[in-house]
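*Asks:* Sequence and predicted structure below; questions after.
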Amino acid sequence: MPQLLLELFCEEIPARMQAKAESDLGEAIKKELSGAGLEFGSVETLGGPRRLTVIVNDLDEKSADVREERKGPKVGAPEKAVEGFMRGAGLTSIDQAEIKSDPKKGDFYVAVIETPGREATDIIAEIVPSVIRGFHWPKSMRWGTGDLRWVRPLQRIVCVFDGNVVPFEVDGLASGNETEGHRVHGRGPFAVTDADSYKAALEGEGHVMLSREARRSKIHADAQKVCADAGLELVEDIGLLEEVTGLAEWPVVLLGEMDPAFLDLPEEVIQLSMRVHQKYFAVRDPKTGGLAPNFVVVANISAKDGGKKIAEGNSRVLSARLNDGRFFWDNDLATPLEEMGEKLKTIDFKKELGTIADKVERVADLARELAPKVGADPALAERAARLSKSDLVSEMVYEFPELQGVMGRYYAQKQGEPKVVADAIRDHYKPQGPSDAVPSEPVSIAVALADKLDTLVGFWAIDEKPTGSKDPFALRRAALGVVRIVLENNVRLGINSAIFATFAGWERSTAPGTQAVPTKDNSPPKFFGGGRAVRIIEHDQAVQADLLSFFADRLKQYLRDQGKRHDLIDAVFALGEDDLVAITNRVDALQSFLSSDDGANLLAGFKRAANILKAEEKKDGTSYQGIVDPEKLYEKQEKDLFAALQDGETKAGAALMAEDFEAAMGVLSSLRGPIDAFFDHVTVNAEVVAVRQNRLYLLSQIRSVLGQVADFTKIEG
């Protein structure tokens, strides 16, 4: 069957936009073809620095004829209704309509509208210009005198169907069957008739690798090979690999050399200089484990000398970049971190929340308070926190913002700070994403928790919380970071008490002479932020509860990602526990217990008891929370259940106090038999009112004993 080949050729497309644009163009063409009634087979998309290509196989030559029956008004309906029906159906006379009968509704008019199919060529000539004009780019431009917007000036449109050009124009640019190859090695143009001739021309004489996956694989394999041939190792960088894949149509991988004198710079500086400015891969010497005085560059040309001059030129450019890095490094080392930190007083953290220097003071106080809880030295935690943000004003971090914290660690080491302090400066920003490791050294943990808690409390205090998908200050990431740090380090920290301590730190940071701002409810105003007139709301329990709920949502997300049941998380959370480690351990034990026969049957028994209580409480208008009277227990099964519940309450309570959740589940398991026997042999709704009420109290005791472990009403099943 016929094939459609579409290529949009333009000036260089930014590498970061290519993959999505390739996919979006393919989806847009498929949607439009389907909407026009054309069926097709497989669709292939290709993309590169200067072109987006869509190949549609087995495309119909013509859309199918369409027959539609449109029901109209009854025969004898008012004239206006008949006229409206005729207008909508495109009839000039009601005689053109058919009359059909319905046994219940009588006779009514039906218009039969037959729409003949259209040639695929005509459809393509309409939809391609429409797709081009409506295509979305993150950034686009206009050129010349036209009004078309595209990522870069559009230069050619190849549109060939079944070997023939589909004629149309877009902003004066006519479609055709000629494509263009590599600027140096095979510009062309090349006339094409289908996908095979298109690929043969470009990937042969045109020197263009059309497939993104093929270019990526070649670059990676060749980079590893040139390194291995020199006895070196490539420093893997997935992001950079993806970027250079979008920069070269005909990638040629070269190994270059750099001045070994630059190796005394921090590795991160060398790698970022290579990556950010030059798009080079760093290379490691396996013998020393450190960086080698080499780099890998991906050229877009096959040079006659094997790339020697290209490598030399890139080496000179890299030297200039690294000289800049050395200048920043030397200047920064001449200024102690404490002196750098003084400049933080001139930089707002956020206007309503004071300066970064104000934040540093609060974080230092909170880190000192949290330190004993995480096994850290309070003095070292405070010291690390006070130096943690100083490198933000360094020249190196100004040039490479990605190095915040990293450079602070190097500067701290150079000025003789303890290793744990230097490491905490680097690690307190962690984790910065789901794949980022959490800090594990106690001092780092204390500073990282303090920094994130201070940020969260501050933004809650000024009521700037995430809404929907918007989270400009990455508060969800900060809260999830707290959750991960606590759980992955088994930190026994009550989140509620940590939030309260953070609010208290805000109040302590109030500067004298702050002018009060009246509150909406005329309650006494509170302020924080080093002289900033911002109300602190530590006494507003609703705000504190809202922040705790925000942490709960992040914990649920984290546990769900690990395969924990959402209903069990809700059931445990309902108890009001805020120790994340204890919550997680309880959820684990509960999930394991409920997966057993005893657990499943006990849950069924609980549900039965809860349903009876709910119905009776609604009917009687009272809550059955009274004490069971042993003298009114007449049946053996209810006496046995009462004894089992009494014993279970004591043993489960003791196990929970010791955080032996498996033992607590074992106690619950022992209740299965007595509960099953009770429901099998005892009638709850006895005729004697006192007996009935006593048995309802017994059911409420089932709810109470199991409620020590979790809120079983929230468990599904």
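*Replies:* Here it is on my side, so go on. Everything quoted here is computed from the prediction, not taken from an experiment. Numbers count the residues shown, from 1 in each chain.
*Asks:* just the strands in the stretch 251-400 of the chain please.
*Replies:* Applying DSSP state E, counting those that start in this stretch to the stretch 251-400 of the chain gives strands spanning 252-257, 281-284, 291-299, 348-350, 354-355.
*Asks:* Looking at these, spot the one closest to residue 68.
*Replies:* strand 291-299 (56.5 Å; Cβ to Cβ). In short, each C-beta sits where N, CA and C put it, glycine included.
*Asks:* that older thread, quick one: closest of the strands of the stretch 251-400 of the chain to residue 398.
*Replies:* It's strand 348-350; of those, that one is closest to residue 398 (Cβ to Cβ) at 16.7 Å.
*Asks:* buried set for that closest one?
*Replies:* The neighbour-count check on strand 348-350 (16 or more other Cβ atoms under 10 Å) flags 349, 350 as buried.
*Asks:* Please work out the average pLDDT along it.
*Replies:* Strand 348-350 shows a mean pLDDT of 89 in the predicted model.
*Asks:* Same check on stretch 441-450?
*Replies:* 96.
*Asks:* for the strands of the stretch 251-400 of the chain, which one sits closest to residue 588?
*Replies:* Closest approach to residue 588 among the strands of the stretch 251-400 of the chain is made by strand 348-350 (38.4 Å; Cβ to Cβ).
*Asks:* Just checking: what are the partner strands of the closest one?
*Replies:* Partners of strand 348-350 in the sheet, by DSSP bridges, are strand 354-355 (antiparallel).
*Asks:* any idea how far the strand it pairs with is from the chain center?
*Replies:* Distance of strand 354-355 from the chain centroid (Cα atoms, centre = their mean, to the nearest Å) equals 29 Å.
*Asks:* Can you list the neighbours in contact with the host helix or strand of residue 477?
*Replies:* Take DSSP states H and E as the rule and residue 477 turns out to sit in helix 475-488. For helix 475-488, the surrounding residues in contact (Cβ atoms under 8 Å, 6 or more residues apart in numbering) are 430-433, 438-440, 445, 448-449, 452-453, 455-456, 459, 465-466, 471, 491, 493, 495, 550-551, 554-555, 557-558, 580-581, 584.
*Asks:* list the buried ones in that helix?
*Replies:* Per 16+ other Cβ under 10 Å, helix 475-488 contains these buried residues: 475-487.
*Asks:* do the same with stretch 69-86
*Replies:* Buried residues in stretch 69-86, counting neighbours by 16+ other Cβ under 10 Å, are found at 72, 82, 85, 86.
*Asks:* mind checking how far the first one is from residue 66?
*Replies:* Remark: distance between residue 72 and residue 66 (Cβ to Cβ, to the nearest Å) = 19 Å.
*Asks:* now the third one
*Replies:* With distances defined as Cβ to Cβ, the gap from residue 85 to residue 66 amounts to 20 Å.
*Asks:* before we move on, the earlier item: go through the buried residues of stretch 69-86 and say which is closest to residue 711.
*Replies:* Closest to residue 711, out of all of those and judged by Cβ to Cβ, is residue 72, at 59.8 Å.
*Asks:* So the residue lying closest to residue 301 once chain neighbours are set aside: helix, strand or coil?
*Replies:* Leaving aside its chain neighbours, residue 301 sits nearest to residue 184 (5.6 Å; criterion: Cβ to Cβ, 6 or more residues apart in numbering). What DSSP: H, G, I helix; E, B strand; the rest coil gives for residue 184 is coil.
*Asks:* For residue 184, the count of nearby residues, please.
*Replies:* 12 (other Cβ atoms under 10 Å).
*Asks:* Please list all residues in contact with residue 366.
*Replies:* Counting by Cβ under 8 Å, 6+ apart, residue 366 touches 385, 450, 453, 454, 501, 502, 505.
*Asks:* if I look at it, how far off is residue 672?
*Replies:* Residue 366 sits 47 Å away from residue 672, going by Cβ to Cβ.
*Asks:* ok, now how distant is the residue nearest to residue 301 from residue 651?
*Replies:* Applying Cβ to Cβ to residue 184 and residue 651 gives a distance of 82 Å.
*Asks:* before we move on, what about residue 632?
*Replies:* In terms of Cβ to Cβ, residue 632 sits 25 Å off from residue 651.
*Asks:* same thing with residue 550?
*Replies:* Going from residue 550 to residue 651 by Cβ to Cβ gives 36 Å.
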